[in-house]
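Colleague: Below is the structure, and that's it, no one-letter string:
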């Protein structure tokens, strides 16, 4: 380890470890194991060993090296974010777990340069209280660092999607039988853990409970999303393009949340359209056709929709043409149809099971 890195780790309160350099012939599984067990005194096994997987043997060595870098970046970023805090609830903040879930945990990730579709590393970051899940306050610098690393393409070539929850929140959702967190517990891979903070055993919903909650979510969120879509079309007729595209952003966001809630009884707390799109397309691959990724016009239109949440409301420099607005509206209608089909199929399956 370089003296600079050693001093940096000591300054943010991380234990010092000789990380395996990128490109080193030693297996990166050693690095992951080292990161995972750093806080474990005397090599104590993690508290929830019975319910979590630890093996990254199904991943290529390059992927394991990337994940080692991501874990180190997340840990260092969190330590830096709380290092200068004076409030007791922040000074006592702890990073409790980092869990890999989704396609890279299951082993069915996609890397398609032709179709320009690449699976993300999906990571659940667990902290010891809800205040620490505020992205702008504690995690924005870490996410920006990972984006910069991805753009540089040296230590990271795979996109990273992070979600943040307190341990209490995760355990509450496990007690409520939320499929999303139950699947993470079943299929996820624990990359880092602070001992003594276990996940609880999940309590599955009855079939009748699952059907009722799913139907309620669909009725509420699909109608809400459809209302935003209809309103955007009316506002577009009033030649108010910026307001119209903002409403289309809201419709798109709500259709994605509807899908998540119907399929998993959970939805991520984010307005980041890229993150919502990527998670939704992994959950329902048919949605990949909604936003073409090849043509310049299509990519610009999606970027305009993505940026509309902030820029369409506040930036005088934001501009969108009638053709761009019309194209976006048509694609949101396609999203509406695909989400309806996926949700109705899920509800029918639950109804048959109940």
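Modeller: Received the coordinates, thanks. Everything quoted here is computed from the prediction, not taken from an experiment.
Colleague: what residues are up against the residue sitting furthest away from the middle of the chain?
Modeller: Of all residues in the chain, residue 238 has its C-alpha farthest from the mean position, at 36.3 Å, by C-alpha atoms, centre = their mean. The contact partners of residue 238, by C-beta atoms under 8 Å, 6 or more residues apart in numbering, come to none. For every residue, glycine as well, the C-beta is placed using N, CA and C.
Colleague: how close does it get to residue 231?
Modeller: Taking C-beta to C-beta, to the nearest Å as the measure, residue 238 falls 11 Å from residue 231.
Colleague: For the chain, just list every one of the strands.
Modeller: 95-101, 111-112, 117-118, 121-127, 160-166, 189-193 (DSSP state E).
Colleague: Which one of these lies nearest to residue 213?
Modeller: Distance to residue 213, taken as C-beta to C-beta, is lowest for strand 160-166 among the strands of the chain, at 19.3 Å.
Colleague: Describe which strands that closest one pairs with in its sheet and in which direction.
Modeller: strand 121-127 (parallel) (DSSP bridges).
Colleague: between the partner strand and strand 95-101, what angle do the directions make?
Modeller: Relative orientation of strand 121-127 and strand 95-101, computed by axes from the mean of the first three to the mean of the last three C-alpha atoms, to 10 degrees: 160 degrees.
Colleague: Report the inter-axis angle for strand 121-127 versus strand 189-193.
Modeller: Using the same axes, to 10 degrees: strand 121-127 against strand 189-193 is 40 degrees.
Colleague: what about strand 121-127, average pLDDT?
Modeller: Per-residue pLDDT over strand 121-127 has a mean of 97.
Colleague: can you give me the helices in the stretch 151-300 of the chain?
Modeller: Remark: helices assigned in the stretch 151-300 of the chain by DSSP state H, counting those that start in this stretch are 167-175, 179-187, 207-237, 241-264, 273-283, 296-307.
Colleague: ranking those helices by burial, who's on top?
Modeller: Ranked by mean neighbour count, these are led by helix 241-264 with a mean of 24 (mean count of other C-beta atoms under 10 Å).
Colleague: avg pLDDT for that helix?
Modeller: Per-residue scores along helix 241-264 average to 97.
Colleague: who does it touch, helix- and strand-wise?
Modeller: Judged by 3 or more C-beta pairs under 8 Å, 6 or more residues apart in numbering; DSSP states H and E, the packing partners of helix 241-264 are helix 179-187, helix 207-237, helix 273-283, helix 296-307, helix 311-314, helix 322-353.
Colleague: So which of those helices is nearest residue 289?
Modeller: When those are ranked by proximity to residue 289 (C-beta to C-beta), helix 322-353 comes first, at 7.6 Å.
Colleague: on contacts alone, who are the packing partners of the closest one?
Modeller: Here helix 322-353 is seen to pack against helix 207-237, helix 241-264, helix 296-307 when contacts are counted using 3+ C-beta pairs under 8 Å, 6+ apart.
Colleague: Flag every buried residue along that helix.
Modeller: 324-325, 327-329, 331-332, 335-336, 338-340, 342-343, 346-347, 350 (16 or more other C-beta atoms under 10 Å).
Colleague: Please apply the same query to stretch 96-109.
Modeller: Buried-residue list, stretch 96-109, by 16+ other C-beta under 10 Å: 96-102, 104-105, 109.
Colleague: For the residue lying closest to residue 340 once chain neighbours are set aside, which residues are in contact?
Modeller: Leaving aside its chain neighbours, residue 340 sits nearest to residue 222 (6.7 Å; criterion: C-beta to C-beta, 6 or more residues apart in numbering). Shown in contact with residue 222 (C-beta under 8 Å, 6+ apart): 255, 258, 339-340, 343.
Colleague: Repeat that for residue 177.
Modeller: Applying C-beta under 8 Å, 6+ apart, the residues near residue 177 are 202-205, 209-210, 265.
Colleague: do residue 89 as well
Modeller: 129, 131.
Colleague: I'd like to know how far it sits from residue 128.
Modeller: On the measure of C-beta to C-beta, residue 89 and residue 128 end up 9 Å apart.
Colleague: What of residue 283?
Modeller: 29 Å.
Colleague: Show me whatever sits in contact with both of residue 238 and residue 231.
Modeller: With C-beta under 8 Å, 6+ apart as the test, residue 238 and residue 231 reach no residue in common.
Colleague: circling back: now the contacts of residue 177: which count as buried?
Modeller: 202, 205, 210, 265.
Colleague: could I get the residues you listed as CSV with distance to residue 66?
Modeller: What follows is the buried ones among the contacts of residue 177, written out as CSV (distance: C-beta to C-beta, whole Å):
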residue, distance to residue 66
202, 30
205, 36
210, 36
265, 31
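Colleague: Farthest pair within those residues?
Modeller: Largest pairwise distance in the buried ones among the contacts of residue 177, by C-beta to C-beta, is 13.1 Å, between 202 and 210.
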